[in-house]
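Student: Mind looking at a prediction? Sequence and model below.
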Amino acid sequence: MADTTGPQYVGAVDQGTTSSRFMVFDHGGNEIAKYQLEHTQIMPEPGWVEHDPIEIWERTSSVIQSGLRQANLTAEDLAALGITNQRETTVVWNRHTGRPYYNAIVWQDTRTDRIAAALDRDERGRTIRQKTGLPPAPYFSGGKIQWILENVQGVREAAEAGDAIFGNTDAWLIWNLTGGPRGGVHVTDVTNASRTMLMDLETLQWDDELLAIFGIPRSMLPEIKPSSYTAGYGETLETGPLGGRVKLTGILGDQQSAMVGQVCFDPGMAKNTYGTGNFMLLNTGEELVRSKAGLLTTVCYQFNDEKPVYALEGSIAVTGSAIQWLRDQLGIISGAAESESLARQVKDSGGCYFVPAFSGLFAPYWRSDARGAIVGLSRYNTNAHIARAALEAICYQSRDVTEAMTADSGVEVEVLKVDGGITANQLCMQLQADVLGVPVSKPVVAETTALGAAYAAGLAVGFWKNLDELRENWNEGARWEPTWNEDQRKDGYAGWKKAVERTLNWVDVD
């Protein structure tokens with residue numbers, strides 16, 4: 001039972017790739033408040049993707065204030081606050097002024113592909129894989145920090161002097177929420193740290209050999225803490241956006257947070273989050289499984305001083321952002337919802353495939369030389385076929401990852417738990433069941449990323465007593481059963497694999 005004498009809610013900040021949102025949940029895991037604002041996507045050169053860290057902090061402050069106001073809540077109503085965030089996106093700022101030295105370099109950005117390619121050619125690449133569970137790739141934070149140190153005037157000197165500090169957006173927000181230049185706390189959690197190429201997966205600490213590979217001073221880095229932390233990382237300021245003191249007790253990278261929100265606490269449980277990209281995770285328990293099939297080994301979560309739980313992850317760079325591209329660059333839809341109605345105008349994609357390798361291909365290919373392609377076009381094809389091919393691309397990329405997970409773990413996915421914005425697209429979820437050949441299951445509360453951060457924070461302060469209370473909160477909201485026969489599934493996937501081949505070796509990576 002919930003404690004009826006104290007605060008009745010837990011807050012969560014979900015700082016994502018395209019927007020920031022603030023949500024409040026009750027003991028049953030029900031949504032009490034939600035407010036969301038988008039922020040600017042800055043693309044100064046092909047393959048470069050940036051965000052303004054100041055805008056992210058201002059939008060985060062706004063969504064917290066607006067969310068509390070709309071629900072008629074105050075800081076005193078919150079037992080704790082959790083943070084979840086876009087991982088790998090890299091911010092370097094001055095610890096004395098709070099001013100970023102450069103825009104945040106987003107996880108999708110490919111400017112560090114030459115750094116990654118050089119590492120992958122020698123012993124350093126093997127060291128990174130062994131210690132971090134990650135391949136050298138532009139995706140992760142280490143190369144982005146190196147790029148800022150080497151290309152932004154004065155940052156190397158500031159870092160050597162201890163003035164320039166780094167964080168993913170979780171660390172940036174917590175530093176600001178707890179005081180900024182006036183005593184802000186510089187921390188991150190094990191899940192975010194595991195995405196930098198700088199943390200040893202076994203020791204859960206920053207590694208000197210890895211820091212030397214990227215030329216990064218240790219003084220830049222935040223302190224690594226558990227994902228759910230009873231001692232707390234710090235408190236919000238009374239002068240801050242919450243208008244009062246609330247204990248910060250949960251931090252999870254967004255995809256790990258969705259695992260917690262989907263209560264995937266047992267080895268063998270998997271979920272797929274559909275956002276800007278797609279991220280499928282498989283809980284491997286306390287065992288650190290090293291992938292041979294192109295997946296990432298990552299920390300799933302760590303609660304207080306318990307042993308860490310690990311996961312295999314398949315990261316797909318472009319899924320929801322492909323729908324944004326149809327809207328913003330092609331102009332064939334006016335909103336994400338229209339992608340479904342347009343795609344329903346045709347019975348299939350008319351033989352065309354859309355491989356949205358705008359940032360190269362992530363799991364299981366890890367090909368930064370790939371670029372997007374629409375193939376198989378004839379004069380028969382219309383914008384409806386392209387819209388349907390975009391939805392199918394989301395599903396085929398997810399199948400690529402499930403095949404790799406089965407190869408690595410020997411576990412066949414029997415039911416796929418799904419969450420995220422695209423799960424509102426009924427056609428896309430039906431296609432996902434058809435492409436995989438397994439049922440697809442969506443919970444009642446689709447915002448599992450924010451919910452996971454709330455769970456981590458609430459567990460730390462006893463708002464929820466144990467994992468069983470969280471399991472009881474999970475309820476199925478929708479289910480899609482496969483309708484394709486095996487020949488349809490086989491032929492469709494064979495065409496997808498041919499389309500992927502056409503995207504490779506498009507740009508030269510030295």
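Tutor: Yep, it's here.

Student: wait, what's in contact with M43?
Tutor: V49, E50 (C-beta atoms under 8 Å, 6 or more residues apart in numbering). Bear in mind the C-beta positions are built from the backbone N, C-alpha and C, glycine included.

Student: quick one: the closest residue to P136 other than its chain neighbours from E313, how far?
Tutor: Of all residues not flanking P136 in the chain, L119 sits nearest, at 3.9 Å (C-beta to C-beta, 6 or more residues apart in numbering). Using C-beta to C-beta, to the nearest Å, L119 is found at 20 Å from E313.

Student: before we move on, what about E76?
Tutor: 38 Å.

Student: K34 too?
Tutor: Using C-beta to C-beta, we find K34 at a distance of 27 Å from E313.

Student: More neighbours: these two, which one.
Tutor: E313 (25 against 19; other C-beta atoms under 10 Å).

Student: Okay, and that one sits in which element?
Tutor: strand 309-316 (DSSP states H and E).

Student: Send over stretch 88-101 as PDB, restricted to the C-alpha atoms.
Tutor: What follows is stretch 88-101, C-alpha atoms only, in PDB (Å, rounded to 0.1, in the frame of the first residue of the first chain):
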ATOM      1  CA  GLU A  88      25.400  10.000 -25.700                       C
ATOM      2  CA  THR A  89      24.400  13.600 -26.600                       C
ATOM      3  CA  THR A  90      27.500  15.500 -25.300                       C
ATOM      4  CA  VAL A  91      27.600  18.900 -23.500                       C
ATOM      5  CA  VAL A  92      30.800  20.600 -22.400                       C
ATOM      6  CA  TRP A  93      30.400  23.700 -20.200                       C
ATOM      7  CA  ASN A  94      32.300  26.000 -17.800                       C
ATOM      8  CA  ARG A  95      31.700  25.000 -14.200                       C
ATOM      9  CA  HIS A  96      32.100  28.600 -13.000                       C
ATOM     10  CA  THR A  97      29.800  30.400 -15.500                       C
ATOM     11  CA  GLY A  98      27.500  27.600 -16.600                       C
ATOM     12  CA  ARG A  99      28.000  28.600 -20.200                       C
ATOM     13  CA  PRO A 100      28.400  25.800 -22.800                       C
ATOM     14  CA  TYR A 101      31.500  26.000 -24.900                       C
END
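
Student: buried set for it?
Tutor: Buried residues in stretch 88-101, defined by neighbour count with 16 or more other C-beta atoms under 10 Å: E88, T89, T90, V91, V92, W93, N94, R95, G98, P100, Y101.

Student: Which of those residues fall within strands?
Tutor: Among the buried residues of stretch 88-101, the subset assigned to strands under DSSP state E consists of V91, V92, W93, N94.

Student: just the CA coordinates of the strand holding E313, formatted as PDB?
Tutor: In PDB, the C-alpha atoms belonging to strand 309-316 read as follows (Å, rounded to 0.1, in the frame of the first residue of the first chain):
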ATOM      1  CA  VAL A 309      21.900  -5.700 -14.200                       C
ATOM      2  CA  TYR A 310      23.200  -5.800 -17.800                       C
ATOM      3  CA  ALA A 311      21.500  -5.900 -21.200                       C
ATOM      4  CA  LEU A 312      22.100  -6.500 -24.900                       C
ATOM      5  CA  GLU A 313      20.900  -3.600 -27.000                       C
ATOM      6  CA  GLY A 314      20.100  -3.000 -30.600                       C
ATOM      7  CA  SER A 315      20.200   0.700 -31.400                       C
ATOM      8  CA  ILE A 316      18.600   1.900 -34.600                       C
END
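
Student: so after that strand, what's the next helix or strand?
Tutor: helix 320-325.

Student: Next SSE downstream of that following helix?
Tutor: That would be, after helix 320-325 and using DSSP H and E, helix 338-343.

Student: Can you spell out which helices and strands pack onto the following helix or strand past that following helix?
Tutor: Using DSSP H and E, the helix or strand that directly follows helix 338-343 along the chain is strand 353-355. With contacts taken as 3 or more C-beta pairs under 8 Å, 6 or more residues apart in numbering; DSSP states H and E, strand 353-355 sits against strand 373-375, helix 383-409, helix 486-503.

Student: try 10 Å this time
Tutor: Counting by 3 or more C-beta pairs under 10 Å, 6 or more residues apart in numbering; DSSP states H and E, the packing neighbours recorded for strand 353-355 are helix 320-325, strand 373-375, helix 383-409, helix 486-503.

Student: which helices and strands sit right next to the strand holding E313?
Tutor: Going by 3+ C-beta pairs under 10 Å, 6+ apart, strand 309-316 lies up against helix 254-261, strand 270-274, strand 278-285, strand 296-301, helix 383-409.

Student: Can I get those in CSV including mean neighbour count and mean pLDDT?
Tutor: Below are the helices and strands packed on strand 309-316 laid out as CSV (neighbours: other C-beta atoms under 10 Å; pLDDT from 0 to 100):
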stretch, mean neighbour count, mean pLDDT
helix 254-261, 31, 94
strand 270-274, 26, 90
strand 278-285, 24, 90
strand 296-301, 25, 95
helix 383-409, 23, 94
